[in-house]
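Asks: any chance you can model this:
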Amino acid sequence: MRTAVLGVDGFRGGWVVLGLSASGRLTRAGVVESFSELTGLDVDVIGVDIPIGCPVSPPRSCDTKARRLLGPRRSSVFATPPLDVLEAATYAEARRVSVERYGIGVSAQAYHLRDKILEVAEIAGGDRRVVEIHPELAFMELAGTPLTASKKTWDGLMTRLALLVREGIDLAEVVARGAAPDDVVDAAAVAWSALRVRKGRATVLCDELGDEVGTISY
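Replies: Numbering: from 1, shown residues only. Next up, the predicted model:
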């Protein structure tokens, strides 16, 4: 069965990857060390939970729109830093650059994702199959409302698993060595939205400065 779309979520050891067929069946699951390992695969959409496109001046309006939609889960969307902030050699330097040039700080989470953000950016610029998808927006769409419980809690994890099972995505047999349970669940949600992108049914939040700055699909 051909894999039509991939859902990809970063973790400390690399990337969790889940594939779905055109009918929504789980076709592959595992981890890769480098995002570039995915570009040679015969798939139609590669959805990834990582910012694609750095703002000239923060924040990206698509990030702001996503936070507004998510309500109680708004903190799951961090402000994407400008490129010069990400390229700072240390977090302390990144904070200094961000405050001096843009009048705001930068979160440690955003800065420590710098390698993954830059890795995906290099590939996405030449591969239109790669799209940014936020899993919490996917779960909002699945549930019909923003979720309230964190994915780090038992209730939150079980709620997300149940929503995926309802769509025919059963993760019970998935092996993703080194990844946390919520990383696997997020990758599955990204894959579900990637299938919506493939079918032309996804909602897309565009940055007001243009698509090259960033879009978030779900």
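Asks: list the buried ones in stretch 208-217?
Replies: Residues of stretch 208-217 classed as buried by neighbour count (16 or more other C-beta atoms under 10 Å): 213-217. Quick note: C-beta positions are derived from backbone N, CA and C, even for glycine.
Asks: for those residues, which one is nearest Arg2?
Replies: Using C-beta to C-beta, Ser217 comes nearest to Arg2 of these, at 21.5 Å.
Asks: so what's that closest one closest to, chain neighbours aside?
Replies: With sequence-adjacent residues excluded and distances taken as C-beta to C-beta, 6 or more residues apart in numbering, Ser217 is closest to Ala202, at 4.5 Å.
Asks: which SS class is the one you found?
Replies: Here Ala202 is recorded as coil under DSSP: H, G, I helix; E, B strand; the rest coil.
Asks: how much space between it and Ser193?
Replies: Noted for Ala202: a distance of 6 Å to Ser193, by C-beta to C-beta, to the nearest Å.
Asks: common neighbours of the two, please.
Replies: Common neighbours of Ala202 and Ser193 are listed as 217-218 (criterion: C-beta atoms under 8 Å, 6 or more residues apart in numbering).
Asks: Tyr218: what's its closest spatial neighbour, skipping adjacent residues?
Replies: Per C-beta to C-beta, 6+ apart, closest to Tyr218 is Leu137, 3.6 Å.
Asks: in the chain, which residue is closest to the centre?
Replies: In the chain, the C-alpha nearest the mean C-alpha coordinate belongs to Asp49, at 1.1 Å (C-alpha atoms, centre = their mean).
Asks: quick one on the thing from earlier: relative to Val131, how far out is the residue nearest to Ser217?
Replies: 8 Å.
Asks: also Leu38?
Replies: For Leu38 relative to Val131 (C-beta to C-beta), the value is 13 Å.
Asks: which of those two has more neighbours?
Replies: It is Val131, of Leu38 and Val131, that has more neighbours when counted by other C-beta atoms under 10 Å, with 23 against 20.
Asks: that one: what's it in contact with?
Replies: 45-48, 52, 194, 197, 215, 217.
Asks: make JSON lines out of these and add pLDDT, secondary structure and distance to Gln109.
Replies: Below are the contacts of Val131 laid out as JSON lines (pLDDT from 0 to 100; DSSP: H, G, I helix; E, B strand; the rest coil; distance: C-beta to C-beta, whole Å):
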{"residue": "Val45", "pLDDT": "98", "secondary structure": "strand", "distance to Gln109": "26"}
{"residue": "Ile46", "pLDDT": "98", "secondary structure": "strand", "distance to Gln109": "23"}
{"residue": "Gly47", "pLDDT": "98", "secondary structure": "strand", "distance to Gln109": "20"}
{"residue": "Val48", "pLDDT": "98", "secondary structure": "strand", "distance to Gln109": "16"}
{"residue": "Ile52", "pLDDT": "95", "secondary structure": "coil", "distance to Gln109": "17"}
{"residue": "Ala194", "pLDDT": "98", "secondary structure": "helix", "distance to Gln109": "23"}
{"residue": "Val197", "pLDDT": "98", "secondary structure": "helix", "distance to Gln109": "25"}
{"residue": "Thr215", "pLDDT": "93", "secondary structure": "strand", "distance to Gln109": "21"}
{"residue": "Ser217", "pLDDT": "97", "secondary structure": "strand", "distance to Gln109": "21"}
